[in-house]
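Student: here are the coordinates; sequence isn't available:
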């Protein structure tokens with residue numbers, strides 16, 4: 001009776017937690033992933049139970065080899081434990097230690113047993129094939145192959161033929177099923193052997209482990225959270241813009257494109273898309289001292305380094321805001337939480353997640369620059385409403401069911417506007433002509449040359465158009481940057497726009513704008529021109545900027 005009692009006591013002691021100071025090994029569960037522009041913060045949790053007070057060591061892993069060592073952090077979310085310290089170590093071995101290895105080894109053994117049973121079934125199939133072959137050989141030889149053959153001969157050859165045919169088909173089906181099942185089992189067995197490091201392709205791995213010390217002032221269960229940064233992860237917005245055929249509305253479908261090659265799959269994780277850019281840094285730029293000196297040649301390598309730095313700096317400018325169903329605004333940055341847990345494989349492929357659709361306020365118009373093109377370009381000015389901004393990103397544009405092409409959205413905040421180009425409107429025709437092109441030479445007592453140029457544009461909306469359209473026409477007259485040349489507008493008809501912004505454009509850039517509405521079948525004519533005056537000893541040149 002003593003031996004069973006001793007065994008029971010030892011078994012109970014073995015089931016208890018390690019003594020304070022002992023180390024246990026845990027594989028933490030994936031909880032959530034926050035994705036930035038170029039990297040991601042991964043958070044995993046593990047449950048630690050202590051039946052005794054004191055310090056307890058926990059080894060967590062495996063973690064990707066590329067995870068930033070300096071970024072590892074740990075904290076206790078729930079429970080009586082207090083976090084003491086953390087150490088990150090690189091390990092060469094097999095990451096399937098503990099319960100995972102045991103579970104996978106058990107699955108491997110079960111698959112091998114299935115494979116052996118499958119080979120036994122194949123032996124039965126081969127025996128059946130040999131029996132059918134023996135019957136066929138007996139008939140071909142004319143010899144008595146036994147009672148079965150004799151009975152078959154007595155009844156005629158047809159029943160024997162039916163038996164051989166049906167049994168052959170059945171054996172062929174069983175052979176094909178064996179080949180399919182054996183290939184599937186062999187592939188699964190090889191996969192498990194490689195992961196366990198026991199097969200021909202098995203190999204040691206390099207990964208990271210985190211050693212954490214916890215102090216339990218009293219027995220209990222604590223939930224430990226570990227976070228770390230990994231590179232090769234990013235997200236960007238992608239838009240699908242659908243414009244109503246009558247140009248009465250625009251709907252934008254927002255999709256988040258997530259890519260990652262971090263070395264670990266994110267299975268059923270809570271995914272947050274962040275506008276923060278941790279790689280940019282927290283410190284402001286340091287104001288340099290500037291001085292003037294004689295020019296010195298710059299070595300080619302230094303120039304290349306400078307260009308490389310500028311390109312890197314430019315590439316690091318990430319998005320600053322994004323629309324999302326649930327927004328966590330922290331002032332300096334924001335996080336956008338996807339509504340459901342997602343799975344993102346470490347395959348580098350684009351994983352697209354539909355977020356929501358956003359209706360935009362729209363004002364369509366036809367844009368015309370007669371001196372450059374006799375086409376009228378259809379475009380729509382859209383305004384963003386609501387309380388969430390739109391990130392800058394690429395957009396596929398559809399007019400009704402027709403795909404027009406790709407455009408891009410700038411960063412839009414509520415109340416901001418942008419213009420979407422929708423191609424050419426064939427219903428609006430434009431005719432452009434030069435009305436006057438004259439050069440007046442100076443008289444006997446004068447030295448001033450005058451060049452007069454006047455242009456005309458005739459616009460007509462087709463009578464078959466579905467309705468009236470708004471038209472914006474722009475033209476640029478020369479602007480003098482030299483007091484030796486004087487430019488005076490002439491014959492500008494009808495009167496162009498004269499709002500403050502339009503007047504500034506006229507004065508600084510020489511841009512004149514006309515905005516009007518055309519009904520189906522209606523025409524509109526425009527004139528504009530200039531007089532260029534200069535001394536006869538000079539020769540002016542016109543430059544497009």
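Tutor: Happy to help now that I have it. Everything numeric in this text was worked out from a predicted model, so none of it was measured.

Student: so how far is the helix or strand where residue 259 lies from its chain's centroid?
Tutor: Residue 259 is part of strand 250-260 when elements are defined by DSSP states H and E. Distance of strand 250-260 from the chain centroid (Cα atoms, centre = their mean, to the nearest Å) equals 8 Å.

Student: Just the buried residues of it, please?
Tutor: By 16 or more other Cβ atoms under 10 Å, the buried positions in strand 250-260 come out as 250, 252-260. No exception for glycine: its C-beta is placed from N, CA and C like everyone else's.

Student: Out of those residues, the closest to residue 174 would be?
Tutor: Using Cβ to Cβ, residue 260 is the member of the buried residues of strand 250-260 that lies nearest residue 174, at 44.9 Å.

Student: could you say what helices and strands the strand holding residue 259 packs with?
Tutor: With contacts defined as 3 or more Cβ pairs under 8 Å, 6 or more residues apart in numbering; DSSP states H and E, the packing partners of strand 250-260 are strand 220-243, strand 266-274, strand 342-344, strand 351-368.

Student: Now mean neighbour count and mean pLDDT too, for the ones you listed, in JSON lines please.
Tutor: Listed next are the helices and strands packed on strand 250-260 as JSON lines, based on neighbours: other Cβ atoms under 10 Å; pLDDT from 0 to 100:
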{"stretch": "strand 220-243", "mean neighbour count": "20", "mean pLDDT": "90"}
{"stretch": "strand 266-274", "mean neighbour count": "20", "mean pLDDT": "89"}
{"stretch": "strand 342-344", "mean neighbour count": "17", "mean pLDDT": "86"}
{"stretch": "strand 351-368", "mean neighbour count": "17", "mean pLDDT": "82"}
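
Student: between those, which one is nearest to residue 117?
Tutor: Closest to residue 117 of the helices and strands packed on strand 250-260, according to Cβ to Cβ: strand 266-274, at 31.8 Å.

Student: Paired strands for that closest one, with orientation please.
Tutor: With DSSP bridges as the test, strand 266-274 is paired with strand 29-35 (parallel), strand 334-337 (antiparallel), strand 342-344 (antiparallel).

Student: want to throw those into CSV with distance to residue 448?
Tutor: Formatted as CSV, these follow (distance: least, Cβ to Cβ, whole Å):
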stretch, distance to residue 448
strand 29-35, 68
strand 334-337, 63
strand 342-344, 73
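
Student: List the contacts of residue 260.
Tutor: 35, 40, 232-234, 266, 344-346, 348 (Cβ atoms under 8 Å, 6 or more residues apart in numbering).

Student: Ignoring the adjacent residues along the chain, who's closest to it?
Tutor: residue 233 (4.0 Å; Cβ to Cβ, 6 or more residues apart in numbering).

Student: After the helix or strand harbouring residue 90, which helix or strand is next?
Tutor: For residue 90, the host element (DSSP H and E) is strand 82-93. Counting by DSSP H and E, the next helix or strand C-terminal to strand 82-93 is helix 99-141.

Student: which strands and helices sit next to that next one?
Tutor: On a contact count with 3+ Cβ pairs under 8 Å, 6+ apart, helix 99-141 meets helix 147-155, helix 157-196.

Student: ok, the residue nearest to residue 260 touching residue 35?
Tutor: Yes. Judged on Cβ atoms under 8 Å, residue 233 makes contact with residue 35 at a distance of 5.7 Å.
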